[in-house]
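Enquirer: Here you go, sequence then predicted model.
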Amino acid sequence: MIYPDRYQSLGELLWDALIQYKSEVAHIEMRRKKERHRLTYLEFKQEVERVVGGLKAQGIQPGDRVAILLTNQVAWLQAALATFLCGGVLVPLDYKLTAPEQQALLRHAHAKHLFIEYGLLTKADSWPIAQTIVLDSPKSVSNAGTVRWEDFLVEGHKIVPHPAQRNDIATIVYSSGTGGSPKGCMLPHQAYLEQYKALLQLYPMKPGDRTFSILPTNHAIDFMIGFIGPLCCGSTIVHQRTLRPEFILHTLKHCKITHMAVVPLILESLERALLERVDALPDWKQTVLEGLSGLNAYWTQRAPKHTVSRRLLKPIHDAFGGELKMLFCGGAFVDPDRASYFNRLGIPVVIGYGLTEACTVVTVNDLKPFRADSVGAPVAGVHVRIANQDNDGVGEVQIQGPTVMLGYLDDPQLTESAFEDGWLKTGDLGYLDASNHLHLVGRTRNLIVTPGGKNIYPEDIEHAFEQLPCHEVVVYASNYLWPGQQLQEEQLVIVVRPDANRTDWKSVLRQQNRVLPDFKRVRGLIEWPEDFPRTASMKIKRQELAKAIRVEFTTESVQPILM
């Protein structure tokens with residue numbers, strides 16, 4: 001592994017890794033149940049040189065913004081590294097957003113170059129980019145400023161990493177990306193170098209380790225754990241284009257995966273697949289498995305002991321490839337019972353907490369011993385305080401440290417409101433216990449985090465109900481209306497002031513709700529009989545309305561919205 005202290009930028013660090021580990025396997029790509037390619041670090045480096053040559057030929061300058069709209073593949077990693085080597089600023093975008101949402105973010109970021117897949121390119125007639133590089137194009141691309149990946153690459157370019165400074169912007173990462181005001185977090189090279197250093201102290205990787213990157217690489221978690229971390233440690237990154245469960249399990253076995261970062265939704269899917277196998281066993285075998293699981297939990301209570309676990313529970317571990325060391329899980333609330341279940345089987349789940357504005361990880365459990373009741377202690381260099389505490393010690397979680405963003409792009413007012421006395425306000429409610437472990441209990445902001453790790457601002461959902469035949473509509477996160485409830489119960493609640501002359505508004509509401517993606521649908525309904533409180537400029541006073549709702553309604557009195 002390469003320690004980051006002497007480096008000023010991600011480009012320098014990653015480039016040295018490609019040189020140092022040249023004979024190791026850098027990348028494996030799986031297509032269904034077949035291995036499509038396997039690249040050494042030397043072969044990966046040679047391809048990056050061609051990408052740098054292509055960007056130089058397009059006239060890239062230090063500070064230029066380069067956007068990536070790709071599914072997980074080796075070109076994503078190569079384009080990102082080439083951007084850093086040229087002194088560019090990376091803008092990783094979510095390929096699952098709609099084309100209008102992606103276009104809005106590209107305009108906001110002032111991106112000059114775009115790496116995009118052909119299937120995504122065809123979703124819109126035009127893209128607000130001067131230079132577009134298209135992957136997987138079945139034919140020549142003739143539009144002005146658009147070139148196929150194969151024609152973009154340039155041979156023979158000598159690499160001299162751009163001498164970026166630690167405080168220079170490395171990435172602009174959008175924490176929401178939907179229809180509201182874009183929030184582009186400006187993260188410097190220092191944030192990533194310090195984040196990598198802190199995680200390296202807790203969970204070092206080495207050549208021969210294999211990380212299965214199944215979260216989108218634009219996701220803050222995978223960017224660090226499925227890209228930066230493995231490459232800097234000389235280990236292997238594995239991509240799987242098709243993420244159906246049977247193909248995931250095959251890749252786990254075929255590639256002998258050792259590490260994987262997941263969100264709670266994927267952890268639930270893995271548990272379900274495992275329980276189906278266990279339920280199919282005879283009763284006596286289930287009894288034996290339960291006994292061995294308890295024995296493993298006893299022997300590994302102070303720290304993981306992979307050799308012991310694999311001998312005690314060999315069939316379980318073989319189902320995951322036989323070498324899986326741990327699962328990193330975050331991005332949303334992690335069910336403690338689910339994490340404990342995997343730990344009893346000798347597959348520890350590392351529970352953490354973070355946010356895009358702080359370069360992913362703020363707190364994390366170190367597995368010494370395993371704990372499922374908290375989201376861990378602050379990582380090295382990061383400080384956490386609880387502001388405005390109540391009598392139980394619960395207050396807003398605020399953080400400070402070298403991994404915190406520089407601010408929001410082109411929005412000094414929003415940046416100023418995000419900080420208090422130099423501390424980043426997370427909007428999350430929690431408390432610190434005697435061992436300095438953080439416990440989360442709710443939110444102070446009107447935000448919901450899905451089990452898939454997506455941030456949804458309810459204000460961005462309201463436009464879908466603009467044509468609802470009623471007087472007024474507002475959407476809240478349930479944890480904002482009733483702070484302190486369990487975070488796994490997060491959902492969106494719509495508050496409606498009905499029009500007495502329209503009796504069909506509920507059926508229209510259900511119809512409009514069905515059109516939304518599942519993770520954006522409202523789940524509860526409150527009928528509010530009075531005018532919504534408004535400011536002099538006629539904006540809804542969300543906090544005032546929420547307080548009034550809190551007095552009149554409980555979570556049990558919310559009407560479910562039947563699909």
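Expert: Received, thanks. Residues are numbered from 1 along each chain as shown.
Enquirer: Could you look up the SS state of the residue of the chain most remote from its centre?
Expert: Distance from the C-alpha centroid of the chain, by Cα atoms, centre = their mean, peaks at N501 (44.7 Å). The three-state assignment at N501 reads coil, by DSSP: H, G, I helix; E, B strand; the rest coil.
Enquirer: Please identify the buried residues of stretch 290-307?
Expert: Buried positions in stretch 290-307, judged by neighbour count with 16 or more other Cβ atoms under 10 Å: 292-293, 296-297, 300, 304, 306. Yep, even glycine has a C-beta here, placed from its N, CA and C like the rest.
Enquirer: Same question for stretch 455-475.
Expert: Neighbour-count burial for stretch 455-475 flags 455-462, 464-465, 468, 470, 472-475 (criterion: 16+ other Cβ under 10 Å).
Enquirer: Closest one of those to R550?
Expert: Distance ranking of the buried residues of stretch 455-475 against R550, using Cβ to Cβ, places V474 first at 14.0 Å.
Enquirer: Kindly give the local confidence score, pLDDT, for the closest one.
Expert: Note for V474: predicted pLDDT of 90.
Enquirer: helix or strand for it, which one?
Expert: Element membership for V474 (DSSP states H and E) is strand 470-477.
Enquirer: swap in M30?
Expert: Assigned by DSSP H and E, M30 falls in strand 25-31.
Enquirer: Strand partners (parallel or antiparallel) of that strand?
Expert: As defined by DSSP bridges, the strand partners of strand 25-31 come to strand 34-40 (antiparallel), strand 236-240 (parallel).
Enquirer: What residues sit buried inside the following helix or strand past the last one?
Expert: Secondary structure here is assigned by DSSP H and E; on that basis, the next helix or strand after strand 236-240 toward the C-terminus is helix 245-254. By neighbour count on 16+ other Cβ under 10 Å, the buried set for helix 245-254 is 247-252, 254.
Enquirer: Could you do stretch 404-415 as well?
Expert: Residues 404-405, 407-409, 411, 415 are the ones in stretch 404-415 that count as buried (16+ other Cβ under 10 Å).
Enquirer: what's the span of that stretch from first residue to last?
Expert: In stretch 404-415, first residue to last residue: 12 Å (Cα to Cα, to the nearest Å).
Enquirer: from the chain's centre, how far out does it sit?
Expert: 20 Å (Cα atoms, centre = their mean, to the nearest Å).
Enquirer: quick one: contacts of it?
Expert: With contact meaning Cβ atoms under 8 Å, 6 or more residues apart in numbering, stretch 404-415 is reached by 108-109, 167, 169, 172, 181-188, 191, 356-359, 418, 424.
Enquirer: and if you look at stretch 198-209?
Expert: For stretch 198-209, the surrounding residues in contact (Cβ under 8 Å, 6+ apart) are 1, 3-4, 21, 24, 211, 224-225, 229-230, 233-236, 258-259, 325-326, 350, 361, 364, 366, 379-382, 403.
Enquirer: The same query, at a cut-off of 6 Å, please.
Expert: Contact with stretch 198-209 is made by 1, 24, 233-235, 258, 366, 379-381, as judged by Cβ atoms under 6 Å, 6 or more residues apart in numbering.
Enquirer: I225 belongs to a helix, doesn't it?
Expert: Yes. The assignment for I225 is a helix, going by three-state DSSP.
Enquirer: dump the residue contacts of the closest residue to it other than its chain neighbours.
Expert: Distances taken as Cβ to Cβ, 6 or more residues apart in numbering place A261 nearest to I225, at 4.2 Å, with adjacent residues excluded. The contact partners of A261, taken as Cβ under 6 Å, 6+ apart, are 215, 221-222, 225-226, 328.
Enquirer: if we can go back for a sec, ok, the residue farthest from the centre of the chain to L289 distance?
Expert: Per Cβ to Cβ, to the nearest Å, N501 is found 62 Å from L289.
Enquirer: measure the nearest residue to P458 once chain neighbours are set aside to N167 for me?
Expert: Once flanking residues are discounted, P458 sits nearest to V475: 3.8 Å by Cβ to Cβ, 6+ apart. According to Cβ to Cβ, V475 and N167 sit 38 Å apart.
Enquirer: Over to H250?
Expert: 44 Å.
Enquirer: just V350 next, same as before
Expert: V350 is 30 Å from N167, by Cβ to Cβ.
Enquirer: what about these two, which has more around it?
Expert: Of the pair V350 and N167, V350 is the one with more neighbours under other Cβ atoms under 10 Å, namely 26 against 13.
Enquirer: which residues of the stretch 301-450 of the chain fall in helices?
Expert: According to DSSP state H, counting those that start in this stretch, the stretch 301-450 of the chain carries its helices in the segments 306-312, 314-319, 336-344, 412-417.
Enquirer: Figure out which of these is closest to P100.
Expert: helix 412-417 (21.8 Å).
Enquirer: Show the average pLDDT along that closest one.
Expert: For helix 412-417, mean pLDDT rounds to 94.
Enquirer: likewise stretch 449-458?
Expert: What stretch 449-458 shows for mean pLDDT is 71.
Enquirer: distance of A280 from L313?
Expert: 16 Å.
Enquirer: And for F44?
Expert: 35 Å.
Enquirer: now T356
Expert: Applying Cβ to Cβ to T356 and L313 gives a distance of 36 Å.
Enquirer: got it, and W528?
Expert: Distance from W528 to L313, by Cβ to Cβ: 53 Å.
Enquirer: Next up, phi/psi of the most centrally placed residue in the chain, please.
Expert: Among the residues of the chain, the one closest to the centroid is H219, at 3.5 Å (Cα atoms, centre = their mean). Dihedral angles of H219 (phi, psi; degrees, to the nearest 10) stand at phi -70, psi 130.
Enquirer: picking that back up, next one: the residue nearest to I225, what pLDDT does it get?
Expert: pLDDT recorded at A261 is 94.
Enquirer: Return the set of residues that bridge with it.
Expert: F328.
Enquirer: Who has more neighbours out of F44 and L313?
Expert: Counting neighbours by other Cβ under 10 Å for F44 and for L313 shows that F44 has the greater number, 23 against 20.
Enquirer: doesn't A26 make contact with that one?
Expert: Yes. Shown here, F44 and A26 form a contact pair, counting by Cβ atoms under 6 Å, at 4.2 Å.
Enquirer: ok, so what distance separates the residue nearest to the centre of the chain from A387?
Expert: Remark: distance between H219 and A387 (Cβ to Cβ) = 28 Å.
Enquirer: Equivalent analysis for H317, please.
Expert: Counting by Cβ to Cβ, the gap from H317 to A387 is 44 Å.
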